[in-house]
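Enquirer: Quick one: sequence and predicted model below, then my questions.
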Amino acid sequence: MLMEEDMEDKTCMLQESLELQAAEKSFYEVLGKKYPPSPELHQDYAIQYGESPGDSFSGTGSNYITSTCNSGGYFGDNTLIQSPDGYLSQLKGLPAYSISQSRYGSSTRVSSLDGQVDSPSSFHMPDLNTESQSVWQFKKGVEEASRFLPGETKLVVNLEANGLSAQAPKVGTNGEVVKVEKKDEGEYSPSGSRGRKNLYREDDDVEESRSSKQAAVSTESTLRSELFDTVLLSSTGEGLERLESLREALQNGMSKSVAQNGQSKGSNGGKGRGKKQTGKKEVVDLRTLLISCAQAVAADDHRSANELLKKVRQHSSPFGDGTQRLAHCLADGLEARLAGTGSQICKALVSKRTSAADFLKAYHLYLAASPFKKISNFVSNKTIMNLAQNATRVHVIDFGILYGFQWPTLIQRISWRDGGPPRLRITGIEFPQPGFRPAERVEETGRRLAAYAEKFNVPFEYNAIAKNWDTIKLEELKIDRDEVLVVNFLYRGKNLLDESVAVDSPRNRVLDLIRRINPDLFIHGIVNGAFNAPFFVTRFREAMFHFSSLFDMLETVVPREDRERMLIETEIFGREALNVIACEGWERVERPETYKQWQVRNLRAGFVQLPLDRGLVKRAGEKVRSGYHKDFVIDEDSRWLLQGWKGRTVYALSTWKPA
């Protein structure tokens with residue numbers, strides 16, 4: 001794109017010739033003489049509008065008009081796509097000054113490189129009043145309209161087949177269209193003058209830059225709404241009532257589904273015993289099938305892997321029970337790894353931006369169904385408030401702030417403090433997003449938090465940083481030693497590369513940065529997993545055990561038909577599983593470790609572990625036992641607060657300070 005800005009100054013020789021002839025013609029008209037027709041001009045115009053004898057716009061011999069002065073970036077899709085009516089339905093707004101070869105073979109072709117014509121006799125000067133001219137004008141209208149549609153990408157990933165399709169826009173989002181200016185190549189009119197007007201555009205007063213604009217859609221979430229307040233301020237008041245009612249609705253829904261399943265089993269097994277059962281349902285062990293398939297994939301045995309994948313597909317479904325949904329999710333990863341498309345699919349998923357409003361309902365369901373996030377936020381926020389109960393200025397540096405859903409509750413609670421709230425400053429750190437606006441999401445988070453600070457009259461300042469965390473400089477954090485300084489690092493350390501990729505790993509460099517920040521408190525939460533092994537089969541087996549706990553938790557607590565449950569399974573757990581299974585090297589960004597491994601890392605980085613507040617641990621346990629399913633586990637080990645499901649630890653949290 002940068003190289004194309006001066007293309008207008010480097011005019012093609014054909015265009016310069018036409019401009020010269022136009023100037024000569026004007027002098028002939030002043031002298032009252034007739035301008036002699038130029039054979040070269042006649043041939044150029046014949047080529048420009050030419051058509052072979054017998055060819056129509058619906059035939060395969062039609063020529064595709066392109067620009068010889070254009071860069072290669074405009075030739076992404078030069079296939080003619082024909083509509084049922086026979087017209088050319090796809091022309092990507094290319095300037096029309098010569099002919100390039102069409103993919104549809106014909107004896108009447110023109111080379112755009114050397115200017116040679118295979119059959120010159122097939123080209124002639126068109127009659128502008130003929131029916132062909134009206135068809136050409138219709139085609140140009142289609143071309144103009146197509147410029148305002150999103151262009152096709154070369155990478156085609158079937159996300160819908162894998163259950164990973166984009167969510168439809170929900171209430172609470174505002175659509176914003178951003179116009180992207182592109183430097184146009186010099187087109188010329190039938191009179192031969194150089195300009196930006198389209199060839200057959202009669203209305204010269206139409207905005208010239210219109211043809212050079214392309215639509216780029218950006219959806220930005222509403223900063224605050226009733227839904228946001230209900231979900232993010234769920235610790236007291238109406239938000240707490242809504243959360244408890246949702247939790248009660250989930251319990252009632254599960255009771256009804258269990259009763260219906262029991263009745264269906266009874267009806268199937270009661271009266272039908274007298275008849276001979278002709279169709280027996282095959283029972284398979286999906287876990288054994290998946291592990292066998294992973295071994296075949298690791299051995300590069302495509303035949304065995306495809307046969308096992310076919311069996312898994314027959315007995316799995318994204319709409320079945322928890323085991324079937326997990327098998328479907330893991331089969332997607334195995335299939336992508338076998339085809340070698342894992343990194344492409346992961347890049348496409350990263351590029352697909354999910355707005356905060358789209359994510360909000362799923363987050364609300366997760367808060368109601370599982371204590372994991374709610375307890376983590378409660379312990380973290382309460383620890384910060386206890387530390388800063390007499391402070392006048394508080395600075396929180398949040399690594400992995402994402403949408404910032406943790407902080408509205410803290411802003412609300414510190415506004416109730418006796419003597420007035422302190423001045424709160426939050427530094428939100430996030431990985432850059434792909435595209436032209438890498439800091440868009442983290443900046444939107446800051447605007448949302450500022451809106452909540454204004455609502456609760458809390459002095460507030462926000463600093464957004466969107467870059468790779470291991471490249472952040474200490475000066476960018478704007479540290480003031482007169483502030484109470486807290487580093488919040490919850491559940492995103494798994495996305496940092498470890499020593500298997502680089503000896504001086506980003507994981508250790510970020511811990512070293514936190515050590516140099518020298519915070520008064522370092523709150524560290526981790527995803528407890530052992531699926532970071534370099535050997536694929538071992539990693540797959542551990543990932544299967546980890547995600548089976550999460551899918552089983554949702555199967556036990558949330559009805560199967562719940563839409564937000566499916567979003568959590570596909571958009572969150574499904575993406576993570578796909579990355580773990582289908583990607584390798586620096587492209588594999590899901591690299592969790594156990595809390596004991598992280599404890600060694602933190603001690604080696606120069607931190608001292610602090611004991612957990614006994615009162616907080618007791619209150620957290622009471623919240624879990626009184627409001628959630630009995631199979632949720634909360635425990636303490638080696639000064640880590642552990643949370644899990646049916647005895648398997650899923651999350652762990654601890655507090656530290658520099659030695």
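Expert: It's in. Numbering: from 1, shown residues only.
Enquirer: where along the stretch 201-350 of the chain do the strands fall?
Expert: For the stretch 201-350 of the chain, applying DSSP state E, counting those that start in this stretch gives strands covering 213-221.
Enquirer: now the helices for it?
Expert: With DSSP state H, counting those that start in this stretch as the definition, the stretch 201-350 of the chain shows helices at residue ranges 226-232, 237-269, 286-298, 302-314, 322-339, 342-351.
Enquirer: next one: the stretch 501-650 of the chain
Expert: 506-517, 536-557, 563-567, 575-582, 595-605, 614-627.
Enquirer: looking at these, which is closest to residue 477?
Expert: Nearest to residue 477 among the helices of the stretch 501-650 of the chain is helix 506-517 (6.6 Å), distances taken as Cβ to Cβ. To be clear about C-beta, it is placed using only N, CA and C from the backbone, and glycine gets the same treatment.
Enquirer: Return the set of buried residues in the closest one.
Expert: 506-511, 513-515, 517 (16 or more other Cβ atoms under 10 Å).
Enquirer: now stretch 636-649
Expert: 636, 640-645, 649.
Enquirer: do the same with stretch 298-309
Expert: Within stretch 298-309, the residues scored as buried using 16+ other Cβ under 10 Å are 298, 305, 308-309.
Enquirer: now stretch 429-442
Expert: Residues of stretch 429-442 classed as buried by neighbour count (16+ other Cβ under 10 Å): 429-431, 433, 439-442.
Enquirer: got it, and stretch 459-474?
Expert: Residues of stretch 459-474 classed as buried under the neighbour-count rule (16+ other Cβ under 10 Å) are 460, 462-466, 469-470, 472.
Enquirer: Next: stretch 528-547.
Expert: 528-532, 536, 539-544, 546-547.
Enquirer: cool, and stretch 607-617?
Expert: Buried residues in stretch 607-617, counting neighbours by 16+ other Cβ under 10 Å, are found at 607, 609, 612-613, 616-617.
Enquirer: Keeping just the C-alphas, turn it into PDB.
Expert: Extracted C-alpha coordinates of stretch 607-617, given in PDB (Å, rounded to 0.1, in the frame of the first residue of the first chain):
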ATOM      1  CA  PHE A 607       9.400 -13.400  45.400                       C
ATOM      2  CA  VAL A 608       8.300 -14.400  48.900                       C
ATOM      3  CA  GLN A 609       5.000 -16.100  49.300                       C
ATOM      4  CA  LEU A 610       2.500 -14.500  51.700                       C
ATOM      5  CA  PRO A 611       0.000 -16.500  53.800                       C
ATOM      6  CA  LEU A 612      -3.600 -16.300  52.800                       C
ATOM      7  CA  ASP A 613      -6.000 -14.300  54.900                       C
ATOM      8  CA  ARG A 614      -7.800 -16.900  57.100                       C
ATOM      9  CA  GLY A 615     -11.000 -14.900  57.200                       C
ATOM     10  CA  LEU A 616     -11.100 -14.600  53.400                       C
ATOM     11  CA  VAL A 617     -10.500 -18.300  52.900                       C
END
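Enquirer: What are the contacting residues of that stretch?
Expert: Identification of contacts with stretch 607-617 by Cβ atoms under 8 Å, 6 or more residues apart in numbering yields 378-379, 382-383, 386, 511, 515, 521-522, 599, 602-603, 636, 639, 641, 654-659.
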